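Colleague: Give me a 3D structure for the following:
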Amino acid sequence: MDINTNQVIMLTLTELERLDPVRVILEDIEAGKGRIIITCYGKAWTAYWGGMGDQTISQFFYNAPEEYLAGNLSNISKTTTDYDAISKAINEDVDSDSLHCHTSQLEDHYGVHWRLDLPEKENHPYTYLCRIIKAVQTALKEIDKEGK
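Modeller: Numbering: from 1, shown residues only. Prediction:
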């Protein structure tokens with residue numbers, strides 16, 4: 001058996017606007033390779049990067065665009081189908097379960113390829129994750145700036 005030990009950094013972010021406490025575990029596995037685990041209110045997101053150049057996981061994370069990070073941490077879509085808008089458009093109450101019962105009205109309103117043209121709206125779980133990512137990025141930048 002081969003047992004390796006790595007140093008990890010664990011942060012707890014509190015007093016965040018509209019967020020419960022956020023825990024972050026950062027692990028620099030070796031040069032250019034790192035892992036992050038983020039938890040908040042019973043949810044957890046994790047990602048590994050094996051090609052970060054000469055950056056630490058902390059530097060890589062706070063320099064990356066939040067959309068890129070959200071895509072690596074989760075498979076949550078940025079948008080979701082807007083069933084309220086669809087209901088209003090076809091004058092019928094629809095949800096994800098009943099949508100296909102209204103094929104005729106959907107084709108009349110959105111065309112033959114209605115499945116591709118349905119209105120969408122902001123997906124709140126994605127927005128929530130992005131707020132968490134921004135909070136973590138801000139904290140990591142602050143720590144790096146202070147040289148901790």
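Colleague: ok, Lys134 touching Glu66?
Modeller: Yes - under the criterion of Cβ atoms under 8 Å, Lys134 makes contact with Glu66 at 6.1 Å. C-beta coordinates here come from the backbone N, C-alpha and C atoms, glycine included.
Colleague: Mind listing what's buried along the longest helix anywhere in the chain?
Modeller: Longest helix of the chain, by residue count under DSSP state H: helix 124-146. Using 16 or more other Cβ atoms under 10 Å as the test for burial, helix 124-146 gives 126, 128-133, 135-137, 139-140.
Colleague: In TSV, list those along with distance to Asp117.
Modeller: Converted to TSV, the buried residues of helix 124-146 look like this (distance: Cβ to Cβ, whole Å):
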residue	distance to Asp117
Tyr126	21
Tyr128	27
Leu129	27
Cys130	26
Arg131	30
Ile132	32
Ile133	30
Ala135	35
Val136	36
Gln137	35
Ala139	41
Leu140	40
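Colleague: how about those residues in CSV, adding pLDDT and distance to Ser104?
Modeller: Formatted as CSV, the buried residues of helix 124-146 follow (pLDDT from 0 to 100; distance: Cβ to Cβ, whole Å):
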residue, pLDDT, distance to Ser104
Tyr126, 96, 32
Tyr128, 95, 36
Leu129, 97, 37
Cys130, 96, 38
Arg131, 96, 40
Ile132, 97, 42
Ile133, 97, 42
Ala135, 97, 47
Val136, 97, 47
Gln137, 97, 48
Ala139, 96, 52
Leu140, 96, 53
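Colleague: so what are the domain limits for this protein?
Modeller: Listed domain ranges for the chain are 1-76+123-148, 79-122 (source: automatic domain parsing).
Colleague: which residues touch Asp117?
Modeller: Going by Cβ atoms under 8 Å, 6 or more residues apart in numbering, Asp117 touches 110-111.
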